[in-house]
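Engineer: Provided below are the primary sequence and the corresponding predicted coordinates.
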Amino acid sequence: MMSRFAKKIERIAPFTQVEWSSAKAKQNLGAVHTRLRLLQQSKRRRQRRLLVAAAAVIGVVALCWGANAFLQRKSILPNQVKAQVVESVRQHGVAHSPQISTPVSDTAQSSLRNDTPSLIGHARGNGSVRVAPETALSSPEIADTVSENGAPLRFEDGSSATPLQSATRMVVKSVSDAQVVLALQHGRARFDVTPNAKRRFQVDVGFVDVVVLGTSFTVNRSLEDVSVTVHRGVVRAQWTGGSREIRPGQGQVLFSRASGHSPVVVLPQVPQKLQTPMISYDGEDSPLRKGRDERIPRTSGNRSDAVTVPGTMTMADVLRAADAQRLKGHSIAAAKLLQDGLLRFPNSPQAATASFTLGRVLLEECQLPKEAALAFFNARSKRPFGALAEDALAREVEAWQKAGDKQQAKRLAIKYLELYPKGARIKSVRRFGSIE
Amino acid sequence: MKRPTVQLCLVETDLPPDGEASVDFDALFMRYSPYAAAVAFRIMGSSDDVDDIVQDVFIEVHKGIHLLSSTHRIKGWVATITVRICAKRLRSRKFQRLLSPGWLSLTDMDEFDIPQDGLSPEEQVWLKNVYCVLDAMSVPLRVAWTLRYLQGERLATVAKICGCSLATAKRRVAKAHALIRRGVDDE
């Protein structure tokens, strides 16, 4: 039964009609088309804006990448800097390195001269350097002989010097009945010397001279250190203020310039089958091992400073291993690890951190401010805008001041104040840079 | 975007002999815009917004036209879109009233665009009263009751258009009906 209310609604409902004529419908249709067109235009505009934004982002990223690549190409390792300086001194008598922003100081130049006497210790008055033998040779057929590109040197008595690298460069400095003097200027070479008590066989390797008494041995020279491995017989390594006899079985004896020319690192003889796992891991008492279950590499020998970086290690491993060595108080070993790591991974993202850590170790623990300054320079040149750049510059000022090069320290201090006028290390930089 | 072909079984115009044609938006508009306008007018109670609502509805239709299939119920789809847009506008209007200074005052009866022809003055007043009560109730109740009693849709269709179950549609219609009867109070 339908109520009165429902009936009323039923009667009224048909009258609730809107006026919607065909003309009005067409008018609305036109409006709809206009709005659709506007919507499509705005959609296209939005897409265009999106494309432009994407292109801008890509452009900025590409620009940053290019700038980064450019800066990385510009940044130079200290070793490269040193090599350039050495080459420059050799050619012009003065250090000239246009590619680096911070010129190497006179102290650094003199240090390089002192440390590489066989290379640059014979400068003439006009500044040029003779690399050819300076002593009159008794065997004219080998006079002026320079071994390059892997060519071996053979002597009349059967002794030989065989380059083990294509980049090895050797120069015969003098040959006489009493002695043969060779200079290993770069690279690695093996020397087989016929025993002769009356004739001394000497290899000049920068700051170390290896005197031979009839033996077979390998010498490896880099800018930073010299290593000698004796296969047969005995050799004596001598340097300013000391000497050391090396015999077979002692393994690779490493001389590092960082220690003031003393033989600081002795790599123990490792059996052939253990060559690969030379790096073992710390025991349970390691402080890092206790804190976290990470494998802390250390050397298999007993000497704390006998370290190397095997192929399986990454830069992160090197940093961890160096930390472990520092915790154990083996600063030199830590420095060597970091140095090897930097040589091995020069372009690693953590190279700047490693270089900075190396600088701190050398400055604070090894008391080698000059080397530390170079390490700090390396750290900031690797990441000029990195988080460590400011600290590295400040520490470099400190290192140069402690190395006695106050002029360089002041110059860098001024640079620090220009770059970081509100820097956190302004006080110490002013103090070490002697700026009031 | 590719325009799909559909059988415009509900649009008799421009149909080729095999029954397949690309969707003719203009034909769709001409056919269904009166229906959309009627639904919008009955829900809103005023012809002020009807044009805008119909345009909005067919812009939505244009966006989804490629989804049409041969079995698609275009009328129901248009009704659903219309109801959704109207409900959105009603909610927006309520919110605006809340923000206005005289939000506590009763709805002005002149807001409603009641047809003059064919209705006695008493019936016109009664209808305005109905819209005033509708305006005071919630949007789902208002929409359900309007579709059922003013638009004359069946309850199943109301449920479909409102996107709810049949029971919910019945409950909403009944509740709204009771509120209107109490509000108009003419029995």
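Structural biologist: Good, I have the coordinates. Numbers count the residues shown, from 1 in each chain, chains lettered A, B, ... in the order given.
Engineer: quick one, phi psi at residue A:202?
Structural biologist: Residue A:202 has phi and psi values of phi -130, psi 140 when expressed as degrees, to the nearest 10.
Engineer: mind listing what it touches?
Structural biologist: Residue A:202 is in contact with A:179-182, A:209-212, counting by CB atoms under 8 Å, 6 or more residues apart in numbering or on different chains. Every C-beta, even on glycine, is put in place using the N, C-alpha and C of the backbone.
Engineer: which residue sits closest to the closest residue to chain B within the stretch 1-150 of chain A, ignoring its sequence neighbours?
Structural biologist: Of all residues in the stretch 1-150 of chain A, residue A:18 sits closest to chain B, with a separation of 3.7 Å (CB to the nearest CB). Nearest-residue entry for residue A:18: residue B:41, 3.7 Å, with adjacent residues in sequence omitted and distances by CB to CB, 6 or more residues apart in numbering or on different chains.
Engineer: Remind me what the helix or strand hosting that neighbour packs against, helices and strands.
Structural biologist: Per DSSP states H and E, residue B:41 falls inside helix B:25-44. Contact partners of helix B:25-44 among helices and strands, from 3 or more CB pairs under 8 Å, 6 or more residues apart in numbering or on different chains; DSSP states H and E: helix A:22-74, helix B:50-63, helix B:74-99.
Engineer: and the last one, anywhere near chain A?
Structural biologist: No - using CB under 8 Å from any CB of the partner chain, helix B:74-99 stays clear of chain A, with a minimum separation of 12.2 Å.
Engineer: Can I get the longest strand seen in chain A in CSV, CA atoms only?
Structural biologist: Scanning chain A for the strand with the most residues, using DSSP state E, yields strand A:179-192. The C-alpha atoms that make up strand A:179-192 are tabulated as CSV, following Å, rounded to 0.1, in the frame of the first residue of the first chain:
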residue,chain,number,x,y,z
GLN,A,179,135.5,-3.4,-8.4
VAL,A,180,132.4,-3.2,-10.6
VAL,A,181,129.9,-0.6,-9.7
LEU,A,182,126.4,-0.7,-11.2
ALA,A,183,123.6,1.7,-10.5
LEU,A,184,120.1,0.3,-10.4
GLN,A,185,118.1,3.4,-11.2
HIS,A,186,114.7,1.9,-11.4
GLY,A,187,112.9,-1.4,-11.3
ARG,A,188,113.9,-4.9,-10.4
ALA,A,189,117.0,-6.9,-11.5
ARG,A,190,118.7,-10.1,-10.6
PHE,A,191,122.5,-10.2,-10.2
ASP,A,192,124.5,-13.3,-10.6
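Engineer: What is the neighbour count of residue A:196?
Structural biologist: By other CB atoms under 10 Å in any protein chain shown, the residues close to residue A:196 number 16.
Engineer: wait, what's in contact with the closest residue to residue B:26 other than its chain neighbours?
Structural biologist: Counting by CB to CB, 6+ apart, the nearest residue to residue B:26 once its immediate chain neighbours are dropped is residue A:29, at 6.2 Å. Taking CB under 8 Å, 6+ apart as the contact definition, residue A:29 lies against B:26, B:29-30, B:33, B:58.
Engineer: Throw together a PyMOL command that grabs the buried residues out of those.
Structural biologist: Selection of the buried residues among the contacts of residue A:29 in PyMOL, burial being defined by 16 or more other CB atoms under 10 Å in any protein chain shown:
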select buried, chain B and resi 29+30+33+58
